[in-house]
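In: predicted coordinates and the sequence they were generated for:
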Amino acid sequence: MRSEIAKLHNKLQTTFIYVTHDQTEAMTLGTRIVVLKDGIIQQVDTPQNLYNNPDNLFVAGFIGSPQMNFVNVKVVKTGNDVSVQFGEYTIKLPESKVKPLIDGGYVGKDVIMGIRPEDIHDEAIFIQTSPDSVINAEVEVTELLGATTNLYLVCAGQNMTATVNSRSKARLGDTIRLALDMNRVHIFDKSTELNICN
């Protein structure tokens, strides 16, 4: 049905308004999407920009499947480096994320780090080239989807999901090494739920 609506839209070259609760329909059919929560507009944007640059926690969690991981972290500064801490991990943030956190007075405060499952990697090459963002996690569930596998994990007492290649050797009960793509993380204010680094 989606492909038929898309064909009709292209043929008629006119504006359609399509209301749906299905994010896949919204992402595949829409050129601009209005994300509503309780009747209040959260963000109006292109599908790709909603995915890459969500304005707040709600939009970040609504767009994407599996849902974005949300990890409670503390912002810390050591010398010129700004990092996030959770459990035994202190992971340095890239320069692009640092200025908004310092300017906003977030150093020493708790925030929410968001990272999409596809930005958590178990490939050896990624782990070798990103040693500063490596974590250990226990595999609680594996979900084979053909080309990819979803790994449901526990790391430092927090639940996470990673979407990895189906050739991954991770199995139920394993403790595995993973690397976070810190260039793709989002940082949200805990009280306002707004994206600090957007």
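Out: Now that the structure is in, tell me what you want to look at.

In: quick one, what contacts the closest residue in space to N53 that isn't next to it in sequence?
Out: Leaving aside its sequence neighbours, N53 sits nearest to N198 (C-beta to C-beta, 6 or more residues apart in numbering; 5.5 Å). For the C-beta atoms, the positions are set from N, CA and C on the backbone; glycine is no exception. With contact taken as C-beta atoms under 8 Å, 6 or more residues apart in numbering, N198 is in contact with 53-55, 186.

In: surely R2 meets M27?
Out: No - at 10.2 Å, R2 does not count as touching M27 under the criterion of C-beta atoms under 8 Å.

In: neighbour count winner among the two?
Out: M27 (17 against 13; other C-beta atoms under 10 Å).

In: quick check: the more buried one touching Y51?
Out: Yes - when contacts are counted by C-beta under 8 Å, M27 is listed as touching Y51 (7.5 Å).

In: identify the contacts common to those two.
Out: In terms of C-beta under 8 Å, 6+ apart, M27 and Y51 are both contacted by the residues I63.

In: pLDDT score for the residue of the chain positioned farthest from its centre?
Out: Relative to the mean C-alpha coordinate of the chain, counting by C-alpha atoms, centre = their mean, the farthest residue is L12 (35.5 Å). We note a pLDDT of 89 for L12 in this prediction.

In: by contact count, what packs against the longest helix seen in the chain?
Out: Looking across the chain with DSSP state H, the single longest helix is helix 2-12. Applying 3 or more C-beta pairs under 8 Å, 6 or more residues apart in numbering; DSSP states H and E, we find helix 2-12 packed against helix 23-29.

In: how far does the helix it packs on sit from the chain's center?
Out: Relative to its chain's centre, helix 23-29 lies at 18 Å (C-alpha atoms, centre = their mean, to the nearest Å).

In: which residues touch it?
Out: Taking C-beta under 8 Å, 6+ apart as the rule, helix 23-29 contacts 2, 5-6, 9, 16, 18, 20, 33, 47, 50-51, 62-65.

In: and if you look at stretch 72-82?
Out: For stretch 72-82, using C-beta under 8 Å, 6+ apart, the contacting residues are 83-86, 90, 92-93, 97-98, 101-102, 106-113, 158, 187.

In: in ChimeraX, how would I select the buried members of those residues?
Out: Of the contacts of stretch 72-82, the buried ones go into a single ChimeraX selection, burial set by 16 or more other C-beta atoms under 10 Å:
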select :83,84,86,92,93,97,98,101,106,111,112,113,187
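
In: okay, now the sheet partners of the helix or strand in which E138 is found, with direction.
Out: Under the criterion of DSSP states H and E, E138 resides in strand 134-144. When pairing is defined by DSSP bridges, strand 134-144 lines up against strand 148-155 (antiparallel), strand 175-180 (antiparallel).
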